[in-house]
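>>> okay, sequence plus prediction incoming.
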Amino acid sequence: MPVALIFEQLLNGLQYGVMLFLMAAGLTLVLGIMNMVNLAHGSLYMLGAYFAVAATQWTGSYAAGVLAGFAGALLVGMLVEVIALRALYERDHLDQVLATFGLILFFNELVSMVWGRGSLYASIPKWLQGHVQLFGGSTYPVYRLAVLAVGLAVALVLWYVVQRTRVGMLVRAGASNRAMVAALGVNIRLLYTFVFGFGAALAGLAGLMAGPIYAVQPGMGDLILIQVLVVIVIGGIGSIRGALVGAVIVGVVDTLGRAFLKPLLATMISAPAAEAAGPALASMLIYLLMAAVLALKPAGLFQGR
């Protein structure tokens, strides 16, 4: 098996992993700080992609699309928190699951009404088109490398904000003891709105970056949400570091499994059997990985403090 091909798939796995991290970082903050199970997080990923495509088509500017996707998801997230979710903080998780599942249906139908049920395709700006030369004569898209760089930069900024700023101190304190934080005079409702909106903006950023790679269509956030939940379980609920490590592991395992498991099986069993079993086993790998991690560390790799 060519080394260049393995390296290319590793880059694909890392790129997919940082996109999962952008989703998982916001969702793990909401789970860890607000104790809110938000199944509608994937809908914010979808809205970020749609806002970016619409703004790019209307203005002809990719920068305007990026701004619209990020800011649009931020505003929608804050509105959803204030209007629909604020009353659910003291309810049990079943009520939160039912309410946010209803939001999934609402946003999917809203997107279908506005943009139709067909797929949209986002364009890549000229300065992000093309390929870079890898060793072994293979090439890799510049845009995917840019997605990888942006994801790692966001991870660094997020770590600094959470660990080194006053806002991050309040976020960590709210996760530890929200009643004490409120008693000290901090507006806990505003803090929750900020955290939820910031998580929504990260999901929108992931969606707008995914637009040129995947089709933008209604329900596009539903499937990735399942993988994001796997990332959070593996990394540890409430842990930003765990979200990053878990996302990279899931991205690489999923990508390498889908790329190489079928040909690997073909060397051990018949080709028709490998053709049937390979894709099914590849799709199960991350769930088997999650089960193994939970068996060894039930709180995840990095338990949120």
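Thanks, I have it. Residues are numbered from 1 along each chain as shown.
>>> for residue 118, give me its contacts.
For residue 118, the contact set (Cβ atoms under 8 Å, 6 or more residues apart in numbering) comprises residue 217. Every C-beta, even on glycine, is put in place using the N, C-alpha and C of the backbone.
>>> read off the pLDDT value for it.
pLDDT recorded at residue 118 is 88.
>>> if I look at it, how far off is residue 284?
31 Å (Cβ to Cβ, to the nearest Å).
>>> ok, residue 281 - contacts?
Residue 281 neighbours (Cβ under 8 Å, 6+ apart): 257, 261, 265.
>>> most neighbours of all those residues, which one?
Within those, most neighbours by other Cβ atoms under 10 Å means residue 257, with 22 neighbours.
>>> what's the helix or strand for it?
Using DSSP states H and E, residue 257 sits within helix 240-266.
>>> do a quick rundown of the strands in the stretch 101-250 of the chain.
Applying DSSP state E, counting those that start in this stretch to the stretch 101-250 of the chain gives strands spanning 131-133, 139-141.
>>> and the next helix or strand past the longest helix along the chain?
Counting by DSSP state H, the longest helix found in the chain is helix 3-34. Remark: after helix 3-34, the chain's next helix or strand is helix 41-59, criterion DSSP H and E.
>>> what separates that following helix from the chain centre, distance-wise?
15 Å (Cα atoms, centre = their mean, to the nearest Å).
>>> for it, packing partners?
With contacts taken as 3 or more Cβ pairs under 8 Å, 6 or more residues apart in numbering; DSSP states H and E, helix 41-59 sits against helix 3-34, helix 62-80, helix 93-115, helix 188-210, helix 220-235.
>>> sort out which residues of it are buried, please.
Within helix 41-59, the residues that count as buried by 16 or more other Cβ atoms under 10 Å are 41-56.
>>> picking up where we left off before, out of the strands of the stretch 101-250 of the chain, deepest packed?
strand 139-141 (a mean of 16; mean count of other Cβ atoms under 10 Å).
>>> thinking again about what came up before, let's have the contacts of residue 281 in CSV, adding pLDDT and distance to residue 164.
Output for the contacts of residue 281, formatted as CSV (pLDDT from 0 to 100; distance: Cβ to Cβ, whole Å):
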residue, pLDDT, distance to residue 164
257, 89, 37
261, 84, 42
265, 82, 48
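>>> any chance of JSON lines for the residues you listed, columns distance to residue 273?
Below are these laid out as JSON lines (distance: Cβ to Cβ, whole Å):
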{"residue": "257", "distance to residue 273": "17"}
{"residue": "261", "distance to residue 273": "13"}
{"residue": "265", "distance to residue 273": "8"}
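>>> mean pLDDT added to the helices and strands packed on helix 41-59, as TSV?
Output for the helices and strands packed on helix 41-59, formatted as TSV (pLDDT from 0 to 100):
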stretch	mean pLDDT
helix 3-34	86
helix 62-80	95
helix 93-115	93
helix 188-210	91
helix 220-235	91
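>>> out of the ones you listed, nearest to residue 142?
Closest approach to residue 142 among the helices and strands packed on helix 41-59 (Cβ to Cβ): helix 3-34, 11.8 Å.
>>> next, the angle from that closest one to helix 188-210.
Helix 3-34 runs at 160 degrees relative to helix 188-210, counting by axes from the mean of the first three to the mean of the last three Cα atoms, to 10 degrees.
>>> extract the C-alpha set from stretch 275-285 and format it as PDB.
Provided in PDB are the C-alpha atoms of stretch 275-285 (Å, rounded to 0.1, in the frame of the first residue of the first chain):
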ATOM      1  CA  GLU A 275     -17.300  -6.000  -0.600                       C
ATOM      2  CA  ALA A 276     -20.300  -6.700   1.700                       C
ATOM      3  CA  ALA A 277     -18.700  -6.700   5.100                       C
ATOM      4  CA  GLY A 278     -16.100  -3.900   4.600                       C
ATOM      5  CA  PRO A 279     -18.400  -0.800   4.500                       C
ATOM      6  CA  ALA A 280     -20.500  -2.200   7.400                       C
ATOM      7  CA  LEU A 281     -17.600  -2.900   9.600                       C
ATOM      8  CA  ALA A 282     -16.000   0.500   8.700                       C
ATOM      9  CA  SER A 283     -19.100   2.300   9.900                       C
ATOM     10  CA  MET A 284     -19.000   0.400  13.200                       C
ATOM     11  CA  LEU A 285     -15.400   1.200  14.000                       C
END
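>>> before we move on, the earlier item: quick one: buried residues of the helix holding residue 257?
240-262, 265-266.
>>> re earlier: and of the strands of the stretch 101-250 of the chain, who's closest to residue 6?
strand 139-141 (12.8 Å).
>>> and the contacts of the closest one?
8, 11, 130, 131, 132, 133, 134.
>>> wait, the second one sits on residue 149?
No. Using Cβ atoms under 8 Å, residue 11 makes no contact with residue 149, being 11.7 Å away.
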